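K.L.:
Any chance you could fold what I've pasted below:
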Amino acid sequence: MCRELSQIRSAAARFAAGFDAELMSFEDARRVAKEAAAIEAVASTIKSLAAARVADGATASNGSRSAAEDLARETGSSIGAARDAIDTGRRLSSQRELSVAARQGEISFQKTSLIANAAESDPSAERRLVARARHASVAELKSICAETKAAAHPDLEARRQQIHSRRYLRSWSDVEGVWHLSAAANPEDGAQVMAALAPITDEIFESARTEGRRESPDAYAFDALLQMAREAATSEPAPHLSAPASRGAAKDKAGTGNVGAGHRRRGPPGAKILVRIDYDTFLRGVPTKGETCELVGFGPIAVSAVDELLETADPFVAAILTKGQELVGVAHLGRKPNSYQQSALEWIYPSCAAEGCHTQSRLEFDHRVDWSKTHYTMFDLLDRLCSHHHDLKTRDDWALVEGRGKRPFVPPDDPRHPGRRNKRCPASSKDPPDRAA
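P.N.:
Below you'll find the predicted structure:
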């Protein structure tokens, strides 16, 4: 087996030595990139399975402190990546359907790792996750896997305390002198940080556009972080909790009238923290099977976190109380969605509605049927699209297939295009929104 693998490596090396992308057509180059990605996924799976075998059957060699450090040294990867490879290899031994898909290169190793982790918590979800992985982006699959793990461990309060105990913020400089920052905490904490950054990021973006500068959203986000740090250096620090409060403690604290004292506001909030929670869950304080308590764009959270956000958070918090998955369609005569419709749409579409697109910033509300033809805004006929997909729809007649939630975005000659299937204005859908779609 080792000899056969060496022969494959030698053959791949010979191919690479004579490969010249400049001699290929764009279409052939696209096919080569796809095939190479599949080969990479297969190789990563083999490495993962072999690494798990080494870790389980031998002690670390070469003076390494762990099997992960030993693998990182042998393969030239980070210790974190090596640890993930070992863990995934161990999980694949009991996840047959995922293992088959990974061995055939049908899904990337990054997706394989996400599914293996989630399926370990809920084995019944393995087939569903593998099917979704073939079409979903990494960001979308990560969200789906997070929801799967949360559903498998319903004690969100205990999970919240556990995540809080592992919170961190670290910084370092690499060999090129580039400064890095990494942080991890509960999603409701991260949501407040991102909501505070959003209005500053928007200000910087508008200023850059006025000056004719074009940079990536990530660059503007860092500039916002730096500006927020500089502003904080000249103001009094806001109060903080040493640990997540229980639901009762959060409500008691709110009753004192001192919650949020000392917090500094930037004026009208530029971002919204959107919580979706079932009405019965909110009253009971604990979700039961089939009920939802989540922070849109971040995943499931404990009910006590909702209490703290509603009572203490600086940014604007919008809570959507629902019964199961039901949302009622609302129409009005204005061109833009009203506040209720906006909050509901932000819940259904935390990212662009186009399948495979995970853009979350600067999304645009889109009328499936142009407002100039109807002169009303119906909730069931609205989507959220990023500027790229909105331009494709407006200029080139691309469209989302019929439905709700994440779904394919197709050109006008696709048989699924709603213009080909139904020439008339589509009827208002009564189906509940599908967050998993």
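
K.L.:
Low-confidence ranges, the stretch 151-300 of the chain, go.
P.N.:
Segments of the stretch 151-300 of the chain classed as low confidence (criterion: pLDDT under 70) are 235-272.

K.L.:
Which residue ranges of it form helices?
P.N.:
With helices called from DSSP state H, counting those that start in this stretch, the stretch 151-300 of the chain shows them at 156-165, 187-210, 217-232, 247-255, 279-284.

K.L.:
the domain parsing of this protein - what is it?
P.N.:
22-153, 181-322, 331-421 (automatic domain parsing).

K.L.:
what's the closest non-adjacent residue to residue 215?
P.N.:
residue 208 (6.4 Å; Cβ to Cβ, 6 or more residues apart in numbering). C-beta: built from backbone N, CA, C; applies to glycine.

K.L.:
what do you get for residue 228?
P.N.:
residue 200 (5.9 Å).

K.L.:
Contact partners for residue 220?
P.N.:
By Cβ atoms under 8 Å, 6 or more residues apart in numbering, the contact list for residue 220 reads 201, 204, 205, 208.

K.L.:
how about the residues you listed, which pair is most distant?
P.N.:
In terms of Cβ to Cβ, those reach their longest pairwise distance at 201 and 208, which sit 10.5 Å apart.

K.L.:
In terms of neighbours, single out the busier of the two.
P.N.:
Neighbours per residue (other Cβ atoms under 10 Å) separate residue 201 from residue 208, with residue 201 holding more: 24 against 15.

K.L.:
So that one is in contact with residue 224, correct?
P.N.:
Yes - between residue 201 and residue 224 there is a contact at 4.1 Å, judged by Cβ atoms under 8 Å.

K.L.:
List the contacts of the helix or strand hosting residue 139.
P.N.:
Per DSSP states H and E, residue 139 falls inside helix 138-152. By Cβ under 8 Å, 6+ apart, the surrounding residues in contact with helix 138-152 are 108, 110-111, 114-115, 117-119, 121-122, 125, 129, 132-133, 136, 156, 159, 289, 294, 299-300, 350-351, 356, 358, 406, 436.

K.L.:
From residue 406, how far out is the spatially closest residue to residue 358 that is not a sequence neighbour?
P.N.:
Setting aside the residues directly before and after it, residue 358 is nearest to residue 139 in space (Cβ to Cβ, 6+ apart), at 3.4 Å. The spacing between residue 139 and residue 406, counted by Cβ to Cβ, to the nearest Å, is 11 Å.

K.L.:
Those two: which is more packed in?
P.N.:
Each of residue 139 and residue 406 has its neighbours counted (other Cβ under 10 Å); residue 406 has more, 29 against 13.

K.L.:
The more buried one touches residue 348, doesn't it?
P.N.:
No - judged on Cβ under 8 Å, residue 406 makes no contact with residue 348 at a distance of 9.2 Å.

K.L.:
Please identify which helix or strand holds residue 320.
P.N.:
With DSSP H and E as criterion, residue 320 is part of strand 316-322.

K.L.:
ok, now residue 11?
P.N.:
Going by DSSP H and E, residue 11 is in helix 2-17.

K.L.:
Contacts for that helix next, please.
P.N.:
39, 46.

K.L.:
Tally up the residues packed near residue 397, please.
P.N.:
The tally of other residues near residue 397 (other Cβ under 10 Å) stands at 12.

K.L.:
which ones are touching it?
P.N.:
411, 412, 419.

K.L.:
got it, and residue 92?
P.N.:
Counting by Cβ under 8 Å, 6+ apart, residue 92 touches 45, 48, 49, 52, 98, 99, 102, 112, 116.

K.L.:
now with 6 Å?
P.N.:
residue 99 (Cβ atoms under 6 Å, 6 or more residues apart in numbering).

K.L.:
cool, and residue 418?
P.N.:
Contacts for residue 418 (Cβ under 6 Å, 6+ apart) come out as 399, 402.

K.L.:
just residue 116 next, same as before
P.N.:
If a contact means Cβ under 6 Å, 6+ apart, then residue 116 has 88, 91 as its contacts.

K.L.:
For the remainder of this discussion, apply numbering that starts at 50.
P.N.:
Okay, using 50 as the starting number, the last item reads as residue 165.

K.L.:
Can you tell me the closest non-neighbouring residue to residue 118?
P.N.:
Closest to residue 118 by Cβ to Cβ, 6+ apart is residue 128, at 5.4 Å.

K.L.:
Could you count how many residues lie near the one you found?
P.N.:
There are 16 residues near residue 128, going by other Cβ under 10 Å.

K.L.:
So it sits against residue 119, correct?
P.N.:
No - applying Cβ atoms under 6 Å, one finds residue 128 not in contact with residue 119, separated by 9.7 Å.

K.L.:
what are the ranges of the helices in the stretch 50-199 of the chain?
P.N.:
51-66, 75-106, 116-124, 128-141, 145-152, 158-170, 175-182, 187-201.

K.L.:
weakest of the ones you listed by average pLDDT?
P.N.:
Comparing mean pLDDT across the helices of the stretch 50-199 of the chain, the weakest is helix 116-124, with a mean of 79.

K.L.:
Centre of the chain to stretch 140-148, how far?
P.N.:
Between the centre of stretch 140-148 and the centre of its chain there are 24 Å (Cα atoms, centre = their mean, to the nearest Å).

K.L.:
Can you list the low-confidence ranges for the stretch 350-486 of the chain?
P.N.:
361-365, 367-368, 370-389, 420-428, 470-486.

K.L.:
redo that, cut-off 80
P.N.:
Under the criterion pLDDT under 80, the flagged ranges of the stretch 350-486 of the chain are 356-393, 396-397, 410-411, 418-430, 469-486.

K.L.:
Can you show me the helices along it?
P.N.:
352-361, 388-397, 420-423, 436-445, 467-470.

K.L.:
circling back to that earlier point, what residues does the residue nearest to residue 118 make contact with?
P.N.:
Counting by Cβ under 6 Å, 6+ apart, residue 128 touches 117, 118, 121.

K.L.:
I'd like to know how far it sits from residue 137.
P.N.:
From residue 128 to residue 137 the distance is 15 Å (Cβ to Cβ).

K.L.:
what do you get for residue 95?
P.N.:
Distance, residue 95 to residue 137, by Cβ to Cβ: 12 Å.

K.L.:
Which one's more surrounded, those two?
P.N.:
Neighbour comparison, residue 95 and residue 137: the larger count goes to residue 137, with 28 against 15 (by other Cβ under 10 Å).

K.L.:
need the contact list for residue 211.
P.N.:
So residue 211 contacts nothing (Cβ under 6 Å, 6+ apart).

K.L.:
separation between it and residue 344?
P.N.:
Distance from residue 211 to residue 344, counting by Cβ to Cβ: 17 Å.
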